[in-house]
Structure formats: structure tokens, C-alpha cells
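In: I'd like to go over a predicted model; first the sequence, then the structure.
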2 protein chains.
Amino acid sequence: MDQTDLLDIGEVAAQTGLAASTLRHWESEGLIEPAGRRGLRRQYVASTLETIAHIRLAQSAGFSLAEISTWIRADGPPEVDRGALRAKADELDRTIEHLAILRDQLRHVADCPAPRHAECPNFRQLLRRAMAGVFDRDRRSPPAR
Amino acid sequence: MDQTDLLDIGEVAAQTGLAASTLRHWESEGLIEPAGRRGLRRQYVASTLETIAHIRLAQSAGFSLAEISTWIRADGPPEVDRGALRAKADELDRTIEHLAILRDQLRHVADCPAPRHAECPNFRQLLRRAMAGVFDRDRRSPPAR
DNA sequence: ATCCCACTTCAAGTCCACTTGAGGTCAAGC
DNA sequence: GCTTGACCTCAAGTGGACTTGAAGTGGGAT
């Protein structure tokens, strides 16, 4: 791995579409870490791009940076609570199901000619499907940017 | 619909698991609206619970309150941009696919005996799958709470 | 009639994930 | 040798979604 493999923060930013400030922020939260520095400049190894993909993915599932960092700490032992991960996976199954319902609802609203969706039996049935589960326990949900 | 059908904000809160303050906040953003008041107290119709389920669902997909309110304004015409809705649905398809990958990754990490996941070919393949798409265009992602 | 307590308003505060700004460093090209 | 531009640090600011606090109101049970 000679230095030609190393990426400047600007290159990582360009390839991932993230702002350099975001990468520094993630570093301050312990999510990523440059392989080294050239002068002051952070130098990243290519596999950091995969780590970043993973982080984006987890964020899109509604996990906070703090949560994600517990699985992928750049430093320290890669110790994870396997039970917790399995629980998250199960939670994702439910989230995915909910999102599928939402997607169906959106498509329905886009196509349905009924003037008030609340009156469309099809829509109401989707909503009823949606309600089972949505109000349970997990207050997990993410914000968009 | 006599007044026995109407719900106090506290009952809606209890049934949905949301704080009353959240319901007032959503009202201030135009997402929900009480059917009326008894004295000062807001009185909600039961169907508001469905609306709330819908909002939670959309939030979990990463939509902002402002975005959601454009489809489900409590007041005004339920006018929606059908093309935009279809686009959102397509976006959700992609999100769902990403989440499925993340779920698989989490399960893999939970079960894989390899000490460093970065060295597990299985994990790396999942990551590669994940990377296709994650860095494209849509910077949409939500935060959790 | 009075008390309680769930409700009310409104302004300010909190948390998270960044972003911005001010002021500084340094390698490379002119 | 000097400027340029991409990088650096650190502190403060932003935006979204709520939450909290202070001060007040009013319906229902005792």
C-alpha cells in the first residue's frame, strides 16, 4: 500500500458526494479515521469508501451516528453485541415492511381517482395494515436532509 | 358522530405513544387538526389515529414534516402532485433495497465468526452491493430519535 | 362551592448532524 | 519568493423536530 493508494479528503468527498466537513465530523465521532497525514492533510485508504457506504446505509435506516459508531469504531476492538445486532436486523425487517406499505400508499394516492383518499376503501385498508405495528414500542425513525 | 366518539389529546397520546406536545407541534405544522374543542381542550375524531399512523410511517421513510404536510394537509384541498408521489415511491423502492442490504449486513456481522469483518469475503461482497447506489444522487436519509 | 388535574398558550431550551466562519498551514506553480 | 488553493483547527451557528417551563383555564368529582 504505497502512498499512491491514499486519498485526500477532497477525493473522498468527491467520490462519496459528502462534504469534507462531514468527513471531519464523522472522524470526531469516531466513525472513520485517516490512515495517516501528509503534512496536515488527512490521507484515506480506499476501503474507507466502503466504510462510508456502510455508514450512509445505516443512517438511512435511522441509526444515529452514536449507534453506528458502536459497531464500526475505527479504533478500539471491533467488539459488538451480537444480540443487539440481531435485534436491529429484526427491527429493520419491520421497518422495511412499513416502508413497503407507505410506498404502496403513495402509489395508490398517485393513481387513485377518488377525491378524498379517506373515502377510498383501498386506501383505508392500506392504512389499517399500516397501523398494525406503527404504534408499537419502537419510536425509531429518522430525519432526512 | 356524537361527542362520545371524540378523543382528548391525552387519549390520542396514550393510543399512539406520542407526547401531547408532539401532537400540538404537528398541528402547528398543519399535519393534524382536532375536530373541535371542548372548552379549551382539543377533541379528535378516531380517524386521526390513522392519519397519525400515516405520518409516523412517512417519517420512518425519512420524509420531513414539511414534505408530509404537502400530501396530507389537514385543511385546504388534498391536492397532491401525483408525479412527485410516484417519484417518492420509486425512491422508497431504492431505500427499501438499501435497508435490506443493511439488514443482511447486520445479520452477517452478528453471525460471522471472522474477527475482522473487513476480511470476510461475504461481508465485503455485501458492502460492494451496498456501494452501488448509496453514493448516487439522493442525499435522502433520516435521523432517528 | 371548591379543588384537582388534565388540559391550554407561548417562549425558550435541547439534541443531533452538520455547516460556516475566522484565522492559519503548506506544497506547487508562476 | 510569492501567490494560490486545498487543506487545517476550533468555536459558533443552523435547521428540524420536538420538549420543557411558567403561568393560566375549566370540566367533573367530592
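Out: Good, I have the coordinates. Numbers count the residues shown, from 1 in each chain, chains lettered A, B, ... in the order given.
In: find the centremost residue of chain A, please.
Out: Closest residue to the average C-alpha location of chain A: A:Q59 at 2.1 Å, with Cα atoms, centre = their mean.
In: that one sits in which helix or strand?
Out: According to DSSP states H and E, A:Q59 maps onto helix A:47-60.
In: dump the C-alpha coordinates for that helix into PDB.
Out: In PDB, the C-alpha atoms belonging to helix A:47-60 read as follows (Å, rounded to 0.1, in the frame of the first residue of the first chain):
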ATOM      1  CA  SER A  47     -11.500   0.800   1.900                       C
ATOM      2  CA  THR A  48     -12.700   3.900   3.800                       C
ATOM      3  CA  LEU A  49     -15.100   4.400   0.900                       C
ATOM      4  CA  GLU A  50     -16.800   1.100   1.900                       C
ATOM      5  CA  THR A  51     -17.000   2.100   5.500                       C
ATOM      6  CA  ILE A  52     -18.700   5.300   4.400                       C
ATOM      7  CA  ALA A  53     -21.100   3.400   2.300                       C
ATOM      8  CA  HIS A  54     -21.900   1.300   5.300                       C
ATOM      9  CA  ILE A  55     -22.500   4.400   7.400                       C
ATOM     10  CA  ARG A  56     -24.800   6.000   4.900                       C
ATOM     11  CA  LEU A  57     -26.700   2.800   4.700                       C
ATOM     12  CA  ALA A  58     -27.100   2.600   8.400                       C
ATOM     13  CA  GLN A  59     -28.100   6.300   8.600                       C
ATOM     14  CA  SER A  60     -30.800   5.700   6.000                       C
END
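In: work out the gap between that helix and the centre of the chain.
Out: Distance, stretch centre to chain centre, for helix A:47-60: 8 Å (Cα atoms, centre = their mean, to the nearest Å).
In: burial count for the residue of chain A found nearest DNA strand D?
Out: In chain A, the residue that lies nearest DNA strand D is A:G10 (2.3 Å; Cβ to the nearest atom of the strand). Yep, even glycine has a C-beta here, placed from its N, CA and C like the rest. Using other Cβ atoms under 10 Å in any protein chain shown, A:G10 has 12 other residues around it.
In: list phi and psi for it.
Out: phi -70, psi -30 (degrees, to the nearest 10).
In: ok, the residue nearest to it when sequence neighbours are not counted to A:A35 distance?
Out: Leaving aside its sequence neighbours, A:G10 sits nearest to A:A20 (Cβ to Cβ, 6 or more residues apart in numbering or on different chains; 6.4 Å). Per Cβ to Cβ, to the nearest Å, A:A20 is found 16 Å from A:A35.
In: ditto for A:V109
Out: 49 Å.
In: more crowded one of these two?
Out: Neighbour tally, A:V109 and A:A35, criterion other Cβ under 10 Å: the higher count belongs to A:V109, 22 against 16.
In: I figured the more buried one hits A:F123, correct?
Out: Yes. Taking Cβ atoms under 8 Å as the definition, A:V109 is a contact partner of A:F123 at 7.0 Å.
In: okay, now the nearest residue to A:L65 once chain neighbours are set aside: neighbour count?
Out: Closest residue to A:L65 apart from its sequence neighbours, by Cβ to Cβ, 6+ apart: A:E29 at 5.0 Å. Residues lying near A:E29 (other Cβ under 10 Å) number 14.
In: phi, psi of A:E29?
Out: Backbone geometry at A:E29, expressed as degrees, to the nearest 10, gives phi -90, psi 0.
In: list the residues that contact it.
Out: A:E29 is in contact with A:65-66, A:69, counting by Cβ atoms under 8 Å, 6 or more residues apart in numbering or on different chains.
In: thinking again about what came up before, and the helix holding A:Q59 with chain B, contact?
Out: Yes. Counting by Cβ under 8 Å from any Cβ of the partner chain, chain B has neighbours in helix A:47-60: A:47, A:49-50, A:53-54, A:56-60.
In: what's the closest of the residues you listed to B:A84?
Out: Among these, A:S60 lies closest to B:A84 (Cβ to Cβ), at 19.9 Å.
In: per-residue confidence for that closest one?
Out: The model reports A:S60 with a pLDDT of 79.
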